[in-house]
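A.B. asks: build me a structure from this.
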Amino acid sequence: MAFENQLAENELEDALSRIRSISALVNEGQSLDDLTAEDAAALDEAICREIVQALDIEQADIDPMLYFATWAARGDYHRPVEVFTVNYDLLLETAFEKVGARYFDGFVGNLNARFQTELVERTKGANGDEIPSSFVRLWKVHGSINWVRKDGDIVRVGQEAEESAAAIYPSDRKYEESRRVPFLALQDRFRRALHEDETILIISGYGFGDQHLNEIIFEAATRCKRSEFIAFCYSEIPEKLAERAEKIPNIQAIGPHEAIIGGNRGEWETPRDETENGDLVWKDGKMALRDFRNLSKYLARNLSVETQRRSETMEEQLAEMLSETDEEGSFDESIEEDEISRFGESNV
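C.D. replies: Next comes the predicted model:
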């Protein structure tokens, strides 16, 4: 009842913020909103447990995550795919394991895996070999429902935490809590990843409500002019994002009815012809890629097309090279070494 009273006048984040303020500020023997400090502290913990329990994935539609995991695991890029998420649930981990994707989330171990800050902070060529590039990096910047605090460390357990999960819950303390380990290390990783040359950041399902993350994104977009930042907004484009996208050309904000591209804001026009991706791009008079279900399927489908194209290209290169061999099977001397090198690179 006390929580319902708070929700009657506040959103979840504001309600939890007020409850935590009551717990911290109300003196012994006093109450506020019919809550003593002890009542508020107990209610705070109960709410956090309810948030975790509400993330049961048994009834969730996991198909979009399976498409996404397929793309992330099989994409062939110069740098490994890095996934940063503010979600607490285990959908991504479940999808990665179902498709057989190899991934690293900052923890080492099975039963009680401990967070390894030095591995999260490691960059290419630093302190020996890096984590294999074939591993997808999964960074849960706000924690997870299977993270717990144990003996002063953050530990990942094999199932949902029975006690309060180690996570940044929605309240006005988010920024303060984000400055603690391991969240600080994960944010630093996010910052470094965005400052890699010619990076592409695809944003989906994020409403730009976390200022500590907004600062990282907007700063990187300002400094790294050859990188691209593409934000798909399910609803209307958030004003915080719109203000920056209109000033920073390499931020693209994609909404259902309008977009901001290259600093120019305008409404979508209905496509004249159906594309090969059908209603994944445009549906019911709206840009459909703003929905993660369509975006994930689009990425997986185009990965297949790209893989087929690369395979055909390699076959053409091989046929061309074989046609230039002499009767004894040795390569003609006119074939330049860099041509062979390019063929080898395309086969990686």
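A.B. asks: ok, then the element right after the helix or strand in which Val83 is found?
C.D. replies: In this structure, Val83 sits in strand 82-85 according to DSSP states H and E. As assigned by DSSP H and E, the chain's next helix or strand after strand 82-85 is helix 91-98.
A.B. asks: okay, now the sheet partners of the strand holding Val83, with direction.
C.D. replies: Under the criterion DSSP bridges, strand 82-85 sits next to strand 136-140 (parallel) in its sheet.
A.B. asks: neighbouring contacts of the strand it pairs with?
C.D. replies: 72-73, 80-88, 92-93, 96, 101-106, 120, 131, 147, 186, 189-190 (CB atoms under 8 Å, 6 or more residues apart in numbering). In this view, the C-beta of every residue, glycine as well, is placed from N, C-alpha and C.
A.B. asks: tell me the secondary structure of Leu303, please.
C.D. replies: Following DSSP: H, G, I helix; E, B strand; the rest coil, Leu303 is assigned to helix.
A.B. asks: count of neighbours near the residue lying closest to it once chain neighbours are set aside?
C.D. replies: Nearest residue to Leu303, sequence neighbours excluded (CB to CB, 6 or more residues apart in numbering): Trp71, at 5.0 Å. Using other CB atoms under 10 Å, Trp71 has 22 other residues around it.
A.B. asks: the one 4 residues further on too?
C.D. replies: In terms of burial, Gly75 registers 15 neighbours under the definition other CB under 10 Å.
A.B. asks: how near is the closest residue to it other than its chain neighbours to Phe218?
C.D. replies: Nearest residue to Gly75, sequence neighbours excluded (CB to CB, 6+ apart): Val81, at 5.7 Å. Distance, Val81 to Phe218, by CB to CB, to the nearest Å: 22 Å.
A.B. asks: cool, Arg226 as well?
C.D. replies: For Arg226 relative to Phe218 (CB to CB), the value is 16 Å.
A.B. asks: for the two, indicate the residue with more neighbours.
C.D. replies: Phe218 (20 against 8).
A.B. asks: what about the closest residue to the more buried one other than its chain neighbours, distance to Ala40?
C.D. replies: Distances taken as CB to CB, 6+ apart put Arg244 closest to Phe218, at 5.2 Å, once the chain neighbours are dropped. Relative to Ala40, Arg244 is positioned 37 Å away (CB to CB).
A.B. asks: these two: who's more crowded?
C.D. replies: More crowded of Arg244 and Ala40, by other CB under 10 Å: Ala40, with 24 against 20.
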